[in-house]
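1. how would this look folded up:
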Amino acid sequence: MTPYLFKKQLIMFCFSLFSLGILAQVDSLQQSVTEKGIEQWQDGLLVLSNGKQYFGQIKCVIKSGTLLEHIEFRKDATDFSQIFMAETCDEIQWGEFELISLPKDFKKPLDKMFYLNMYQGNNIQVFFEPKFTKSSKPESLRFLVYKEGIYTSVTKAKFKRTTFDLFGDSALWRDKTIDKDWFKFSNMYEVAKFYDSNIVFVNTRFED
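-> Here you go, the predicted model:
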């Protein structure tokens with residue numbers, strides 16, 4: 001596969017997950033991506049949890065039903081590769097994509113995996129858990145929303161309740177949720193982005 005075709009395939013795959021087609025296009029990509037996984041060296045940056053940074057080439061493997069718990073790193077094609085677990089990393093720049101090391105379960109903060117940095121706004125951040133099944137059922141997908149120092153898990157089963165708890169302080173956002181074609185789990189990127197762009201903070205302090 002040529003680098004151009006790989007990049008096009010990867011962008012199509014991620015676009016299908018991160019935007020309106022989070023589930024719609026999975027079936028057509030299932031044979032070429034989710035069953036075989038994504039595995040290719042990309043130029044990138046490795047940032048360890050101790051603050052050290054290394055530029056070189058990084059290989060991520062995302063396969064069906066597998067959590068992204070480690071990456072391979074090498075300086076260049078002539079160098080030996082090393083495996084780095086998510087527990088020892090802070091973030092990874094893999095080609096055009098950023099991966100952040102966060103706990104799988106926040107009750108067990110030391111057991112980590114890589115999440116794709118999906119949206120970074122002024123007030124919130126949204127991460128996507130790259131864990132896929134062959135059927136790509138929405139129940140197997142999860143987002144993490146970082147707001148005011150807290151990470152909140154967003155799943156399809158509790159999508160409406162959880163997002164209202166997170167974003168309901170914006171009147172414009174609440175009005176927007178009337179549009180059922182817009183307010184749905186598969187549109188999480190736009191739902192979060194709209195909130196971040198339309199939240200209004202009120203200054204309750206009065207000046208003399």
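
2. Under a three-state scheme, what state does Ile100 occupy?
-> Here Ile100 is recorded as strand under DSSP: H, G, I helix; E, B strand; the rest coil.

3. Quick check: the gap between it and Glu91.
-> Ile100 is 5 Å from Glu91, where distance means Cβ to Cβ, to the nearest Å. Glycine gets a C-beta too; all of them are placed from N, C-alpha and C.

4. Of those two, give the one with the bigger neighbour count.
-> The neighbour count for Ile100 versus Glu91, taken as other Cβ atoms under 10 Å, is higher for Ile100 (21 against 18).

5. any common contacting residues for Ile100 and Glu91?
-> Counting by Cβ atoms under 8 Å, 6 or more residues apart in numbering, the common neighbours of Ile100 and Glu91 are Asn117.

6. could you pull out the strands for the chain?
-> Taking DSSP state E to define them, one finds strands in the chain at 38-48, 53-62, 70-74, 82-85, 89-94, 97-103, 112-120, 124-128, 143-147, 150-154.

7. Dump those into a markdown table; add distance to Ser197 and mean pLDDT as well.
-> Converted to a markdown table, the strands of the chain look like this (distance: least, Cβ to Cβ, whole Å; pLDDT from 0 to 100):
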| stretch | distance to Ser197 | mean pLDDT |
| --- | --- | --- |
| strand 38-48 | 28 | 86 |
| strand 53-62 | 30 | 88 |
| strand 70-74 | 32 | 92 |
| strand 82-85 | 35 | 94 |
| strand 89-94 | 25 | 93 |
| strand 97-103 | 21 | 90 |
| strand 112-120 | 11 | 89 |
| strand 124-128 | 11 | 92 |
| strand 143-147 | 14 | 94 |
| strand 150-154 | 18 | 93 |
